[in-house]
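In: pasting a predicted model and its sequence here:
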Amino acid sequence: MTTSFSNLSLADPLARAVAEMGYESMTPIQAQAIPVVMTGQDVMGAAQTGTGKTAAFSLPLLHRLLKHENSSTSPARHPVRALVLLPTRELADQVAEQIKLYAKYTQLRSAVVFGGMDMKPQTAELKRGVEVLVATPGRLLDHIEAKNAVLNQVEYVVLDEADRMLDIGFLPDLQRILSYLPKQRTTLLFSATFSPEIKRLAGSYLQNPVTIEVARSNETAANVEQRFYAVRDEQKRQALHQVLRTRGIKQAFVFTNSKLGCARLARALEHDGLRTAALHGDKSQDERLKALEAFKKGEVDLLVCTDVAARGLDIKDVPAVFNMDIPFNAEDYVHRIGRTGRAGASGLAVNFVGGNNDAKLVADIEKLIHKKIDVETLAFDEDRPRARHNEGHRLYERQGQERRERHAHGSEVPDRVFESRYSRPVRQVPRDPFFDQPYEAPSTDAAPSWEATVKPPSGARSISANIKPKRKVAALFSADAAPKVPVTVPATGPAALPTQPAQTGSDGLTD
Ligand code: AMP
């Protein structure tokens, strides 16, 4: 199979954009999917973000839409021809940005709509006409209901991160959206895994799809050093400081299992004097985009986040990932540590193994990644004999000494110049009992937090609050529960469903 873009006969404006991006050869998902999508066939692709899948579907899709390209200012000449659906705002934004780059030398218009933002500018953009619309399901339905988006000329629909959309409970919204689209169309579905629910979704909405599978979802990159440390919950923050300092880490993702834990930790680290931003579902859209931007620019050192918030985010060169909580789902572990060691760079994944159920969760990870995990003891600096202080700590002490000497000589250079970010000692703050509380991981029995925060559905979107997330999916596949869109797959009882609750990483971070 060829891996050179030049053999694809991509239209010139697209080939030019690809060359400008500096892509030398196709990634495996691109090499397999692009020729298939070019022929208009449906695709069911197992590929994660980071594999180049956005280009894999958008380049051939744009190529085929070029026949509609025109410079007319009339909105009627720019109907929505391709719809790309994603589970979260950040992913929608990221994919839309990439599509804009690929289409920059064409006259095809693209736009993105997601919740948490004022509808007016989105409405104005939609009314001007766009060929490629990237959206999260909830906000798209709002625009459909407001008659801002007309989808009867859609030729392509992409269901991206489909497994996560189902986990979040978007199935009813997807069914409604798909019911507005012409039957004659190309449907592309991408998912990290082909679970039974995904297969049923594909069975209902894809026609003779070509199945493409790249990189198994349980692979962890060989260039990521994975460390597991046994640390008591109340010492995790101290452990984080220590590893940052001793390893000289400048930027990192810090994962927690809950929104509450995320907000608390971010606040505490900020108090400690670290430049920290939190990324979770209770943050406003504006705050989240700003946090991401600041992290990308290097203005923020630690991005404390939950799984859904961070899933698929393509931020290059993050040197380390910390798991303050071991994720409930082993697959989320693979996603989390996939944030580091990208594009061949070496990365570090540090995991703090506490009490509760962590030993079992670590065993699950071990099983999934087929690697033996050694849980080490982390010796805290104050526990170590001085002779064993490592280089990072010596540097920390030396800088402190230099600072003291300069002060003694009346230097006007401010303190911080002599402090590397992580060599800064933890700032003494007034005691706040809030931070003395042990770090709280959510109980596995608790209802998923997004159950409480997902926008209450209305009309055809409605579903009993008593049905657990995975069951919702099953129930909705049954003939009774999906009245608007006939689903041909037979009803499946809960017994056939995975027993693991779908709570991990689902933190209400939808639109
Ligand atoms: P994606 O999986 O689509 O989110 O892409 C992940 C990253 O890979 C993005 O930053 C893309 O710009 C980049 N990328 C996509 N295709 C290629 C390619 N063929 N060569 C190098 N980088 C690529």
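Out: Perfect, I can see it now. Residues are numbered from 1 along each chain as shown.
In: residues near the closest residue to Q32 other than its chain neighbours, how many?
Out: Leaving aside its chain neighbours, Q32 sits nearest to I212 (4.7 Å; criterion: Cβ to Cβ, 6 or more residues apart in numbering). In short, each C-beta sits where N, CA and C put it, glycine included. Neighbourhood size, I212 [other Cβ atoms under 10 Å]: 21.
In: after the host helix or strand of I212, next one along is what?
Out: According to DSSP states H and E, I212 maps onto strand 210-213. Next in sequence after strand 210-213, counting helices and strands by DSSP H and E, comes strand 224-230.
In: chain center to that following strand: distance?
Out: 22 Å (Cα atoms, centre = their mean, to the nearest Å).
In: also stretch 338-353?
Out: 15 Å.
In: returning to what we had before: by contact count, what packs against the strand holding I212?
Out: Helices and strands touching strand 210-213, by 3 or more Cβ pairs under 8 Å, 6 or more residues apart in numbering; DSSP states H and E, are helix 28-38, strand 43-46.
In: how about a markdown table for those, with mean pLDDT and distance to G341 added?
Out: Shown next, in a markdown table, are the helices and strands packed on strand 210-213 (pLDDT from 0 to 100; distance: least, Cβ to Cβ, whole Å):
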| stretch | mean pLDDT | distance to G341 |
| --- | --- | --- |
| helix 28-38 | 93 | 18 |
| strand 43-46 | 93 | 21 |
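In: any idea which of these is most buried?
Out: strand 43-46 (a mean of 24; mean count of other Cβ atoms under 10 Å).
In: parallel or antiparallel, list what pairs with that one.
Out: Strand pairing for strand 43-46, using DSSP bridges, gives strand 186-191 (parallel), strand 210-213 (parallel).
In: weakest of those in terms of mean pLDDT?
Out: When those are compared by mean pLDDT, strand 210-213 comes last with a mean of 90.
In: buried residues, that strand. List them.
Out: 210, 212 (16 or more other Cβ atoms under 10 Å).
In: mind listing the helices for the stretch 51-200 of the chain?
Out: Here the stretch 51-200 of the chain has its helices, by DSSP state H, counting those that start in this stretch, at 53-65, 89-102, 119-128, 137-145, 162-168, 171-179, 196-205.
In: which one of the ones you listed lies nearest to the ligand?
Out: helix 53-65 (3.1 Å; Cβ to the nearest ligand atom).
In: that older thread, only alpha carbons, please: show the strand holding I212 as CSV.
Out: Only the C-alpha atoms of strand 210-213 are listed here, as CSV (Å, rounded to 0.1, in the frame of the first residue of the first chain):
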residue,chain,number,x,y,z
VAL,A,210,-15.6,-1.1,4.8
THR,A,211,-14.0,-1.9,8.2
ILE,A,212,-10.7,-0.3,8.8
GLU,A,213,-8.8,-1.0,12.0
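In: what lies in contact with that strand?
Out: 29, 32-33, 36, 41-47, 194 (Cβ atoms under 8 Å, 6 or more residues apart in numbering).
In: shaky segments in the stretch 1-150 of the chain?
Out: 1-2 (pLDDT under 70).
In: that one against the ligand: which residues are in contact?
Out: 23, 26-27, 30, 49-55 (Cβ under 6 Å from any ligand atom).
In: of those residues, buried ones?
Out: 26-27, 30, 49-55.
In: nearest to R339, of those residues?
Out: Distance to R339 across those (Cβ to Cβ) is lowest for G50, with 8.8 Å.
In: for the closest one, what are phi and psi?
Out: Dihedral angles of G50 (phi, psi; degrees, to the nearest 10) stand at phi 100, psi -10.
In: got it, and S258?
Out: Per degrees, to the nearest 10, the backbone of S258 is at phi -140, psi 160.
In: could you pull out the strands for the stretch 201-350 of the chain?
Out: For the stretch 201-350 of the chain, applying DSSP state E, counting those that start in this stretch gives strands covering 210-213, 224-230, 252-255, 276-279, 302-305, 320-323, 347-353.
In: select, out of those strands, the one closest to E293.
Out: Across the strands of the stretch 201-350 of the chain, closest to E293 is strand 276-279 (Cβ to Cβ), at 9.7 Å.
In: can the strand holding I212 be found next to the ligand?
Out: No. Taking Cβ under 6 Å from any ligand atom as the criterion, strand 210-213 and the ligand are apart, separated by no less than 13.8 Å.
In: so how far is that strand off the chain centroid?
Out: So, by Cα atoms, centre = their mean, the centroid of strand 210-213 is 22 Å from its chain's centroid.
In: look up how far K371 lies from A19.
Out: 39 Å (Cβ to Cβ, to the nearest Å).
In: apologies, that question was intended for E155.
Out: 44 Å.
In: between the two, tell me which one has more neighbours.
Out: Legend: neighbour count by other Cβ under 10 Å for E155 and K371, higher for E155 (20 against 10).
In: end-to-end on stretch 311-318?
Out: Across stretch 311-318, the terminal residues are separated by 14 Å (Cα to Cα, to the nearest Å).
In: from the ligand, how far out is the residue nearest in space to the middle of the chain?
Out: The C-alpha lying nearest the average C-alpha coordinate of the chain belongs to R311 (Cα atoms, centre = their mean; 1.7 Å). Remark: distance between R311 and the ligand (Cβ to the nearest ligand atom, to the nearest Å) = 11 Å.
In: now G338
Out: 11 Å.
In: burial of that residue, as a residue count?
Out: By other Cβ under 10 Å, neighbour count at G338 equals 23.
In: which non-adjacent residue is nearest it?
Out: G338 sits nearest to G50 (Cβ to Cβ, 6+ apart), 6.0 Å away.
In: you'd agree the one you found is up against H335?
Out: No. Using Cβ atoms under 8 Å as the test, G50 is too far from H335 to be in contact (9.3 Å).
In: what residues are up against Y23?
Out: 5, 55.
In: surely it is in a strand?
Out: No. Y23 is assigned coil when assessed by DSSP: H, G, I helix; E, B strand; the rest coil, not a strand.
In: out of the helices of the stretch 51-200 of the chain, nearest to T73?
Out: By Cβ to Cβ (comparing all of the helices of the stretch 51-200 of the chain), the closest turns out to be helix 119-128, at 8.3 Å.
In: taking helix 137-145 as reference, get the angle to the closest one.
Out: Put simply, helix 119-128 runs at 60 degrees to helix 137-145, going by axes from the mean of the first three to the mean of the last three Cα atoms, to 10 degrees.
In: list the buried residues for helix 119-128?
Out: Applying 16+ other Cβ under 10 Å to helix 119-128 flags 122-123, 125-126 as buried.
In: would you put the C-alpha positions of it in PDB?
Out: The C-alpha trace of helix 119-128 is given here as PDB (Å, rounded to 0.1, in the frame of the first residue of the first chain):
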ATOM      1  CA  MET A 119     -25.900  31.000  19.600                       C
ATOM      2  CA  LYS A 120     -26.000  34.300  17.700                       C
ATOM      3  CA  PRO A 121     -22.600  34.300  16.000                       C
ATOM      4  CA  GLN A 122     -23.100  30.600  15.200                       C
ATOM      5  CA  THR A 123     -26.500  31.400  13.700                       C
ATOM      6  CA  ALA A 124     -25.100  34.200  11.600                       C
ATOM      7  CA  GLU A 125     -22.400  31.900  10.200                       C
ATOM      8  CA  LEU A 126     -24.900  29.200   9.400                       C
ATOM      9  CA  LYS A 127     -27.200  31.700   7.700                       C
ATOM     10  CA  ARG A 128     -24.300  32.800   5.400                       C
END
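In: what's the spacing between V157 and L206?
Out: V157 is 10 Å from L206, by Cβ to Cβ.
In: list residues touching both of the two?
Out: With Cβ under 8 Å, 6+ apart, V157 and L206 have common neighbours T187.
In: between the two, tell me which one has more neighbours.
Out: Neighbour count, other Cβ under 10 Å: between V157 and L206, V157 has more, with 24 against 20.
In: quickly list what the more buried one is bridged to.
Out: In beta-bridge terms (that is, DSSP bridges), V157 pairs with L83, T187.
In: fine by me, we can end here.
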